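[1] what's the 3D shape of this:
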Amino acid sequence: MTDVPRAYERYLVPAFFVPCAELLVRLATPVAGERAVDLACGTGVVARRLADRGLSVTGVDVSDAMVAFAAAAEPRVDWRVAAAGALPLGAGTAELVCCQQGLQFFPDPAGALRDVHRVLVPGGRLALAVWRGIEHHPAWATFVDAVDRWAGPEVGAVMRRPLSGPDRDGLRRLLTDAEFTGVRIRIATVLPRFPSAREFLRQEAAGSPLGALLDPAQVEGLGAELERDLAPYADDDGVVLPMQTWLVTAHR
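    Prediction:
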């Protein structure tokens, strides 16, 4: 196992994914005793919250390293390594499926949603969180533009991908095409905070693919540039990167 899952859990989960998970789980209205799936579970932030509420949870992710880390930390969940669109579950075996910030990474999001529909019982629920486009994230766009300059557009594209998912109309179309009903789409904001712009870069590099794509000189130069360019997002406690997410609920 690499150190990336550990750094992801230590740094990025508290900043980005705990606040988003709390919003998502609240909208999902979990009920003790239900069977739930955390799709694209990563290190298991949503799965753990569902287990805390008394659900029987299966966590699924394509990354064996993430799943291994999650399994070592949380024995209450049934952890599985599998790709979206090929869930290792029978038809009609879950009342709830949650997916936090995973849809935009799926090679075939339409196929993944059809498979979620298959797994859900009639009347079952889907809850999704998907970051809005980068045009709604000026601080993140500033960060990615600096990555472009220091490491090239190919590396910048890696950091744009989390914010490259469908817009509201695209989400609704994907869900209705997969035969979901009662689709509701909302906007929410989370406020990841870091001690400084340099520390944000260090933590992002440690917990994401970025670290393997930068050399030490690039990290130093990029960090100095971010201290200047992210100054409008700094206060006396550090730097804040406001993030907007779609929160989507639908029924089978």
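[2] what ranges do the strands span in the chain?
    Taking DSSP state E as the test, the strands found in the chain are 35-39, 56-61, 78-81, 94-100, 120-131, 181-190, 193-194, 234-235, 238-240, 243-251.
[3] Among these, show me which one is buried the most.
    Across the strands of the chain, averaging neighbours per residue (mean count of other CB atoms under 10 Å) puts strand 35-39 on top, at a mean of 27. To be clear about C-beta, it is placed using only N, CA and C from the backbone, and glycine gets the same treatment.
[4] For that one, what does the pLDDT average out to?
    Mean pLDDT, computed over strand 35-39, is 98.
[5] So which elements touch it?
    helix 45-52, strand 56-61, strand 94-100, helix 109-119 (3 or more CB pairs under 8 Å, 6 or more residues apart in numbering; DSSP states H and E).
[6] Now distance to residue 9 and mean pLDDT too, for these, in a markdown table please.
    Below are the helices and strands packed on strand 35-39 laid out as a markdown table (distance: least, CB to CB, whole Å; pLDDT from 0 to 100):
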| stretch | distance to residue 9 | mean pLDDT |
| --- | --- | --- |
| helix 45-52 | 8 | 98 |
| strand 56-61 | 13 | 98 |
| strand 94-100 | 14 | 98 |
| helix 109-119 | 24 | 98 |
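[7] any chance of these in CSV, plus distance to residue 76?
    Output for the helices and strands packed on strand 35-39, formatted as CSV (distance: least, CB to CB, whole Å):
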stretch, distance to residue 76
helix 45-52, 4
strand 56-61, 7
strand 94-100, 16
helix 109-119, 20
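[8] and of the ones you listed, who's closest to residue 188?
    When those are compared by CB to CB, strand 94-100 sits nearest residue 188, at 12.0 Å.
[9] Adding distance to residue 107, write the strands of the chain out as CSV.
    Shown next, in CSV, are the strands of the chain (distance: least, CB to CB, whole Å):
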stretch, distance to residue 107
strand 35-39, 14
strand 56-61, 14
strand 78-81, 16
strand 94-100, 15
strand 120-131, 16
strand 181-190, 23
strand 193-194, 31
strand 234-235, 38
strand 238-240, 33
strand 243-251, 20
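[10] returning to what we had before: so which of the helices and strands packed on strand 35-39 comes closest to residue 162?
    Of the helices and strands packed on strand 35-39, nearest to residue 162 by CB to CB is strand 94-100, at 11.5 Å.
[11] which residues are contacting that closest one?
    17, 20-21, 24-25, 28, 30-31, 34-40, 42, 45-46, 50, 55, 58, 116, 119-121, 124-129 (CB atoms under 8 Å, 6 or more residues apart in numbering).
[12] mind listing what that strand pairs with, with the direction of each?
    Partner strands and pairing direction for strand 94-100 (DSSP bridges) are strand 35-39 (parallel), strand 120-131 (parallel).
[13] Which one of these lies nearest to residue 153?
    When the strands paired with strand 94-100 are ranked by proximity to residue 153, the top entry is strand 120-131, at 20.0 Å, counting by CB to CB.
[14] how far off strand 243-251 does the closest one point, in degrees?
    For strand 120-131 against strand 243-251, the angle by axes from the mean of the first three to the mean of the last three CA atoms, to 10 degrees is 170 degrees.
[15] Tell me the gap between strand 120-131 and the middle of its chain.
    In terms of CA atoms, centre = their mean, to the nearest Å, the centre of strand 120-131 is set 15 Å apart from its chain centre.
[16] picking up where we left off before, would CSV of the strands paired with strand 94-100 with distance to residue 66 be doable?
    Shown next, in CSV, are the strands paired with strand 94-100 (distance: least, CB to CB, whole Å):
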stretch, distance to residue 66
strand 35-39, 11
strand 120-131, 17
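[17] Ok, which of those comes nearest residue 151?
    When the strands paired with strand 94-100 are compared by CB to CB, strand 120-131 sits nearest residue 151, at 21.3 Å.
[18] List of residues touching that closest one?
    With contact meaning CB under 8 Å, 6+ apart, strand 120-131 is reached by 20-21, 23-25, 27-29, 92-101, 103-104, 113, 116, 137, 162-163, 165-166, 171, 175, 180, 243-252.
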